[in-house]
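next input, structure requested:
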Amino acid sequence: MVIPSSRITPIETSRTVGIVLLEVHRVQSLRRDWHTHNCYIARDPISETELGIWRNPTTHGGSMERVVVLGAGAMGCLFAARLARAGRTVTMVDIDADRLGQIAERGVELNDERGKDVVAVGTALAADAPHADLLLLFTKAMHSRAAIQSVAHLADGHCSALTLQNGLGNAEAISEVFRPDRTLVGVTDWPADLSPPNAVAAHGTGHVWLGSLVPNGEESALEAVACLNAAAMEAQHDPFVLAAIWEKAAFNAALNALATILGSPVGGLDCPEGRKIATAVIEETIAVARAQGIRMDRDRLLAKTDFALTNHRAHKPSMLQDRKAGRATEIEAINGEIVAAARRAGLAAPVTETLAELVRMGEPGRI
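Have a look, this model is predicted:
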């Protein structure tokens, strides 16, 4: 269940997921400790209440054995290969028939913390995608609506669909086809680099945080967590995943757009001007999210931005890679969605909007 952090209602208990929400009225911050699987929620300066998550998601009795991965990019290949290696029946779906043919013939060449493996997976075009227990959506955000509609026959009331994509609005696109209680949303920080057509490398490990779009989708969320953890994806059920999604959108809106405009890796933004612009985008996004009842952790987000500017100097954001390859970027799903949400709330986001306009000016077909 996705719970906006300022809208926690008094005493809500779910024995199914092992969560007890104690009375909280004004949530000021959310601090996570993923090692102990606990969340702590600060109510006001002199009072705290604890949300204990004692369930071990890896032991939940999930039954998601058949998985369709929609999108054969870096993340799609990584998740598909790891799930197939763990014994799940995996089918990759893409519009690129040539790439699918290469994957069908040669498998996915996976290089991760376990070493190198060649993993066999099934492949299909969208119309031929087999019925499944779980659909993972890994297309670019601007293709989400068309992609999910292309596999509408999977929305049979049994299959759940999970987005771990960048940007905002992906869950809404899924829920136009899948029932809300079968719509799952989350974020991941797994690193993945694709060497087309069929090789993917994960330089390090990551995590997945996910929840359901509506309260009665919690069982599906837990089954998805168990499925992913069978492949050692370090998945967690997170009732506050909306905050994490908005924090990732703010981070990407600040750094990805600016790096794309400058044509520079992240290190090129590490100057007083770059930091000033990035901070302004983050502050604007925090205000927009707050207007929707979503509280973001400002200090953690600024610290994450500082860490990236200092330590990931050679990193080229995916938006910059798309620009250099002549592809359309995800600017509408990131900066564009933040600006649209600001307008709906009667707010201004001038720095975020300016970056969006500058990126749009360089989109294919505009010059």
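
what comes up buried for the top helix by length along the chain?
For the chain, the longest helix by residue count, based on DSSP state H, is helix 241-262. Using 16 or more other C-beta atoms under 10 Å as the test for burial, helix 241-262 gives 241-261. The C-beta positions use only the backbone N, C-alpha and C, and glycine is treated the same way.

ok, stretch 261-281 next?
261, 264-267, 269-270, 274-275, 277-281.

and the furthest pair within these?
P265 and A280 (20.9 Å; C-beta to C-beta).

could you pull out the helices in this structure for me?
74-85, 97-106, 144-150, 170-175, 218-230, 241-262, 272-291, 298-311, 318-324, 337-344, 350-361.

need the ones you listed in TSV (columns: mean pLDDT and distance to S195).
Shown next, in TSV, are the helices of the chain (pLDDT from 0 to 100; distance: least, C-beta to C-beta, whole Å):
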stretch	mean pLDDT	distance to S195
helix 74-85	97	9
helix 97-106	97	12
helix 144-150	97	23
helix 170-175	95	26
helix 218-230	96	24
helix 241-262	95	22
helix 272-291	98	30
helix 298-311	93	24
helix 318-324	92	13
helix 337-344	98	31
helix 350-361	98	27
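
which secondary structure elements does the longest helix of the chain contact?
Contacts defined by 3 or more C-beta pairs under 8 Å, 6 or more residues apart in numbering; DSSP states H and E place helix 241-262 against strand 183-188, strand 208-212, helix 272-291, helix 298-311, helix 318-324, helix 337-344, helix 350-361.

tell me which residues of the fifth one are tucked away?
Judged by neighbour count using 16+ other C-beta under 10 Å, the buried positions of helix 318-324 are 318-320, 322-323.

and what of the last one?
Along helix 350-361, the positions that meet the burial threshold by neighbour count (16+ other C-beta under 10 Å) are 351-356, 358-359.

what's next to that helix, contact-wise?
253, 257-258, 260-261, 277, 280-281, 284-285, 319, 323, 329, 331-332, 335-336, 338-339, 342, 366-367 (C-beta atoms under 8 Å, 6 or more residues apart in numbering).

could you give the angle of it to helix 337-344?
130 degrees (axes from the mean of the first three to the mean of the last three C-alpha atoms, to 10 degrees).

quick one, helix 350-361 and helix 241-262 angle?
Using the same axes, to 10 degrees: helix 350-361 against helix 241-262 is 60 degrees.

the first one now?
Here strand 183-188 runs at 60 degrees with respect to helix 241-262, directions being taken by the same axes, to 10 degrees.

show me what strand 183-188 packs onto, helices and strands only.
strand 160-163, helix 170-175, strand 208-212, helix 218-230, helix 241-262.

ok, it: who's next to it in the sheet?
Note on strand 183-188: by DSSP bridges, its sheet partners are strand 160-163 (parallel), strand 208-212 (antiparallel).

can you tell me which of these is nearest to G122?
When those are compared (using C-beta to C-beta), the closest one is strand 160-163, at 18.1 Å.

export that closest one as PDB, just CAs?
Output in PDB follows, covering the C-alpha atoms of strand 160-163 (Å, rounded to 0.1, in the frame of the first residue of the first chain):
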ATOM      1  CA  SER A 160       0.300  -7.800 -11.400                       C
ATOM      2  CA  ALA A 161       2.200  -5.000 -13.200                       C
ATOM      3  CA  LEU A 162       5.200  -3.300 -11.600                       C
ATOM      4  CA  THR A 163       7.000  -0.200 -12.700                       C
END
